[in-house]
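Peer 1: Please find the sequence and the predicted model below.
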2 protein chains.
Amino acid sequence: MAHRFLPRLPRTIHTPIRTASPRPHHCRHYSSPQSARSQAALSSLRIQKTQSPSPPPDAGQLQFGRAFTDHIFTFEWTTEHGWTNPQITPYGKMPLDPAACVLHYAFTCFEGMKAYKDPQGNARLFRPQKNLQRLNRSAARLALPTFDEESMLDLLARYVELEKGFIPPLPGYSLYLRPTLMGTEASISVSRPRSALLYVIASPMGNYFAGGMKAVSLQATRSPVRAWPGGVGEFKVGGNYAPSIVPQEDAAAAGFQQNLWLLADSEGDEYVTEAGTMNLFVVWVNPDTGRTELVTPPLDGTILPGVTRTSILELARERLSKEGMDISERSITMKELANASREGRLSEVFGAGTAVVVSPVRSIQWNDQTIDCGLKKDEEAGPVSLKVKKWIEEIQYGLVDHPWSYRV
Amino acid sequence: MAHRFLPRLPRTIHTPIRTASPRPHHCRHYSSPQSARSQAALSSLRIQKTQSPSPPPDAGQLQFGRAFTDHIFTFEWTTEHGWTNPQITPYGKMPLDPAACVLHYAFTCFEGMKAYKDPQGNARLFRPQKNLQRLNRSAARLALPTFDEESMLDLLARYVELEKGFIPPLPGYSLYLRPTLMGTEASISVSRPRSALLYVIASPMGNYFAGGMKAVSLQATRSPVRAWPGGVGEFKVGGNYAPSIVPQEDAAAAGFQQNLWLLADSEGDEYVTEAGTMNLFVVWVNPDTGRTELVTPPLDGTILPGVTRTSILELARERLSKEGMDISERSITMKELANASREGRLSEVFGAGTAVVVSPVRSIQWNDQTIDCGLKKDEEAGPVSLKVKKWIEEIQYGLVDHPWSYRV
């Protein structure tokens, strides 16, 4: 019975079917009147600073995700009035009705992005427009209100400017920003929320690889299944995350740092989707072409369209293609990975995401097999991982001039 | 490309694979020490009544899901202290940290159940143990703490006793109860919550079919997909609900009351799963046996194990089998439904859930076809729907003596 609902995947893989732009169908509320309202709101931003400002954080004592900056940005929305009352106020608890629809039906979507400090002391964001676009796509999918992205970026920049003292001025350090958009209506009727709140909080973040990069080992997970075609795996919605904890703990208990989420087909082939909360990249010699190839699964509805993912693809197409590497978005089976490893064609596997940029993978446990991902024993990262990490960080920290870096 | 991930389903259908009991794998925290703690907590229930009690609600003016009773039941949990501090206090807003993990990662699961008033004025619950069992299964799947079900039922009964004045003493009226369990830890690290809150609120509910039953029309929805094998469709978790609004609005805009959620296989067969937030039942003449059959899809991981669903199956096996009807849990394809309708073998289709008990279906729109579900023009419900509705309501309202009715 276990095979009953397994999807069947063709062996021939086509090009990705989905762009990052919002699907008109889900974006009925993405209209210009809101944009005008939002812009009006921008000029009405009210800032109330804390009476007891914190000292700059101790870079050695950062508690990522548990310690936050002094302020919160909030922006209210109702069906009647649209977006109103943008505010920056002291960080503190929010009174929520026990019937607030976010608490029952998970009307919540979010973004993960970072503010970096450049050598001149300016705060910088990395392609923030991409995050705001994605938040709007997620919002529309969950029947939450969408917003004008340009105005929101201006508001976000004001918040980052106020909090930039919390960015430790050290290489690899940053201020993690968490925009969240949730339904707040006090109603347990299963329907479109009539009120919502967009807010942003920020948590100072250390250098993930302070002691140098460290390759991880993944456990391939066939069940539970993270995402499904026609599901919400391609949106950054809250509901995708809570179900990932138990499988992650299972992987950890077996000695692995993360799950490698698989999607199996009815013929037994298992396709790679994501690694933990990261997109996955593979560098191998393609057996058909004999050429080196950087490949990541396509945006077929089961893959989160990561900002780091698309940035790696764009940089690779611009810079690695010249060195003779092919850059591909297509499906990858576990069998292909195992074969490539056995035949000595697999040179690198790495996760890609906002938190770490890249996270090299040493091995993947797949049933009884340990797939060696090509790193040498004394190596923690392969040359492609190191290259793309360096390219992206140079842009993020404003060490090179690049249109992807947004100076606040 | 659209067919790429479609699952392939065998034509031969086996018996259901999953029981309603918690899977040991996901229930590591379901241990007796907690039960002991919970029982201790029961005796420490603190009740603080409102200073301004509401008058009994006007039965003609009920606002289901938007108006609540005077009190809320809360029960706190932390990794360090387990379950502590059970309280009944005046209904009011709850202060939540903006980093509370429920707001980001949808650490929330819930139940829907009702309290009924019997002719003697007692409050009654319908198989409340089933709801608490299911809440524990949902909690374990989301890495939320589980609880001792017996103690929780005692606590819930105390709450219902206090609020029973809000149950309008009229046939078909009830008090809807919403137990919710959510992660409250102020952390955006993607990990098991170290604190949680279980709470119960209650909303008086009118007679859904005050003017008599009214058959609905469904729109068959192949994409989006509500649930998939290895996903969380079989758990009552918040994340399953927000994504259902946009498809529901699409169905409504096309003139249908609900979606009929399909799961398609790679060969093009489309299987029926649920209708809106209800389980689905079909009454037809089985073409292989020539006998009348009551059939509902099996608990294969994509179906919520409804309390009404299992109650209908149990009553039907006990009472309708005698009348020569076969009772089956197995998959149903849209093609089978359409054929049965065309051949005059389809006599009834109905949804089943806590809110309405049964909701008869007049027709299903499937691509360009309108499938007539067997009701006569002047008929709003078929005989099987009416029978099971009557049987269940007699038990719920304490009109017959039955072990499924729990007197508070």
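Peer 2: Here it is on my side, so go on. Note that the structure is a prediction, hence the values are computed from the model and not measured. Numbers count the residues shown, from 1 in each chain, chains lettered A, B, ... in the order given.
Peer 1: what sits against the residue of the stretch 151-300 of chain A found nearest chain B?
Peer 2: Among the residues of the stretch 151-300 of chain A, residue A:239 lies nearest to chain B; the distance is 2.2 Å by C-beta to the nearest C-beta. Heads up, the C-betas are built off the backbone N, CA and C, glycines and all. Taking C-beta atoms under 8 Å, 6 or more residues apart in numbering or on different chains as the definition of contact, the neighbours of residue A:239 are A:106, A:232, B:106, B:237, B:238, B:239, B:240, B:242, B:243.
Peer 1: how about a cut-off of 7 Å?
Peer 2: Residues in contact with residue A:239, defined by C-beta atoms under 7 Å, 6 or more residues apart in numbering or on different chains, are A:106, A:232, B:106, B:238, B:239, B:242.
Peer 1: can you give me the helices for the stretch 301-408 of chain A?
Peer 2: Secondary structure of the stretch 301-408 of chain A (DSSP state H, counting those that start in this stretch): helices located at A:307-315, A:334-342, A:383-396.
Peer 1: most packed of those?
Peer 2: Among the helices of the stretch 301-408 of chain A, ranked by average contacts under mean count of other C-beta atoms under 10 Å in any protein chain shown, first place goes to helix A:307-315 (a mean of 21).
Peer 1: Convert the C-alpha atoms of that helix to CSV, please.
Peer 2: Below are the C-alpha coordinates for helix A:307-315, written out as CSV (Å, rounded to 0.1, in the frame of the first residue of the first chain):
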residue,chain,number,x,y,z
VAL,A,307,16.8,34.5,-3.4
THR,A,308,20.2,32.8,-2.8
ARG,A,309,19.2,30.1,-5.3
THR,A,310,18.3,32.5,-8.1
SER,A,311,21.4,34.7,-7.3
ILE,A,312,23.7,31.6,-7.5
LEU,A,313,22.1,30.6,-10.8
GLU,A,314,22.4,34.1,-12.2
LEU,A,315,26.0,34.6,-11.2
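Peer 1: near chain B, which residues of the stretch 151-300 of chain A show up?
Peer 2: Contact residues (C-beta under 7 Å from any C-beta of the partner chain) of the stretch 151-300 of chain A with chain B: A:178, A:180, A:182, A:187-192, A:199, A:201, A:203, A:223-225, A:228-232, A:238-239, A:241-246, A:249, A:263, A:266, A:277, A:300.
Peer 1: hmm, try it at 6 Å
Peer 2: Along the stretch 151-300 of chain A, the residues adjacent to chain B under the rule C-beta under 6 Å from any C-beta of the partner chain are A:178, A:182, A:187-190, A:192, A:199, A:201, A:223-225, A:228-232, A:238-239, A:241-243, A:245-246, A:266.
Peer 1: Of those residues, keep whichever come out buried.
Peer 2: Applying a neighbour-count criterion of 16 or more other C-beta atoms under 10 Å in any protein chain shown, the buried members of these are A:178, A:182, A:187-188, A:190, A:192, A:199, A:201, A:224-225, A:228-232, A:238-239, A:241-243, A:245-246, A:266.
Peer 1: circling back to that earlier point, export the helices of the stretch 301-408 of chain A as CSV, with columns for mean pLDDT and distance to residue B:282.
Peer 2: Rendered in CSV, the data for the helices of the stretch 301-408 of chain A read as follows (pLDDT from 0 to 100; distance: least, C-beta to C-beta, whole Å):
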stretch, mean pLDDT, distance to residue B:282
helix A:307-315, 98, 44
helix A:334-342, 98, 39
helix A:383-396, 97, 54
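Peer 1: export the ones you listed to TSV and tack on distance to residue A:406?
Peer 2: Output for the helices of the stretch 301-408 of chain A, formatted as TSV (distance: least, C-beta to C-beta, whole Å):
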stretch	distance to residue A:406
helix A:307-315	12
helix A:334-342	36
helix A:383-396	10
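Peer 1: can you put those in CSV and add distance to chain B?
Peer 2: Conversion of those to CSV gives the following (distance: least, C-beta to the nearest C-beta, whole Å):
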stretch, distance to chain B
helix A:307-315, 17
helix A:334-342, 16
helix A:383-396, 20
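Peer 1: can you tell which of these is closest to residue B:139?
Peer 2: Proximity to residue B:139 (C-beta to C-beta) singles out helix A:334-342 among the helices of the stretch 301-408 of chain A, at 32.0 Å.
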